[in-house]
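Participant: A structural model of the following input is requested.
(one chain, ligands or ions: 1)
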Amino acid sequence: MVVQITVQIGDQEVQWQKTLEGTPAEREEAGHGVGREVARVINEAALTEAAGEVRRPCCWGRRMENRGCRAITLRGLNGPMRIKRTRDRCRNCGRECLPADSLLECGRHRITRPLAKRVCQLATVESFDSGSVFCLAGPSVAQQ
Ligand SMILES: [Zn+2]
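Facilitator: A predicted model of the protein is given here:
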């Protein structure tokens, strides 16, 4: 069976086409994977938009100047997301910062707050082993 999904995200249209085949279990897994990918792309766009709404910080009483964008890979509920955020620099002291990071990341970790919350909730109900994290967030988080 061929599944085709079209999603309008802002002024961008994103399409997916996936063939679900194999055993019933394989088809169910493939269908779940399509849903996760759609959610991941929507979240990536939403977090990129939120990163662009952050006000430029001040230093020495003046707004810091925009020094372009830098991309970061954050792991969220549905997998890794590539998010662009601005880098600002003070003209006086040379301090640089990425003001959106404190809103996007959980502490200094490259994971989103909802994912961190799920991991903590899971740790309260069962042993916190790599298998638990794997089920929740995928293999690359479990290896960290
Ligand atoms: Zn400064």
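Participant: SS state for Arg27?
Facilitator: Of the three states, Arg27 takes helix under DSSP: H, G, I helix; E, B strand; the rest coil.
Participant: which non-adjacent residue is nearest it?
Facilitator: Leaving aside its chain neighbours, Arg27 sits nearest to Leu20 (4.5 Å; criterion: Cβ to Cβ, 6 or more residues apart in numbering). All C-beta atoms are positioned from the backbone trio N, CA, C, and that covers glycine.
Participant: any idea how many residues pack against that neighbour?
Facilitator: Neighbour count of Leu20, defined by other Cβ atoms under 10 Å: 15.
Participant: also Arg75?
Facilitator: Arg75 has 19 nearby residues by other Cβ under 10 Å.
Participant: which pLDDT value does the model give the residue sitting furthest away from the middle of the chain?
Facilitator: Distance from the centre of the chain peaks at Asn92, with 33.2 Å (Cα atoms, centre = their mean). Listed pLDDT for Asn92 reads 94.
Participant: for it, what are its contacts?
Facilitator: Cys59, Trp60, Arg62 (Cβ atoms under 8 Å, 6 or more residues apart in numbering).
Participant: try Thr6
Facilitator: Thr6 touches Glu13, Val14, Gln15, Trp16, counting by Cβ under 8 Å, 6+ apart.
Participant: which phi and psi does Pro80 have?
Facilitator: Main-chain torsions, Pro80, degrees, to the nearest 10: phi -70, psi 140.
Participant: just Cys93 next, same as before
Facilitator: Torsion angles at Cys93 (phi, psi; degrees, to the nearest 10) stand at phi -100, psi -10.
Participant: that one - how many residues pack around it?
Facilitator: A count of nearby residues for Cys93, using other Cβ under 10 Å, gives 10.
Participant: pretty sure it sits against Arg62.
Facilitator: No: proximity of Cys93 to Arg62 does not meet the contact threshold set by Cβ atoms under 8 Å, at 10.7 Å.
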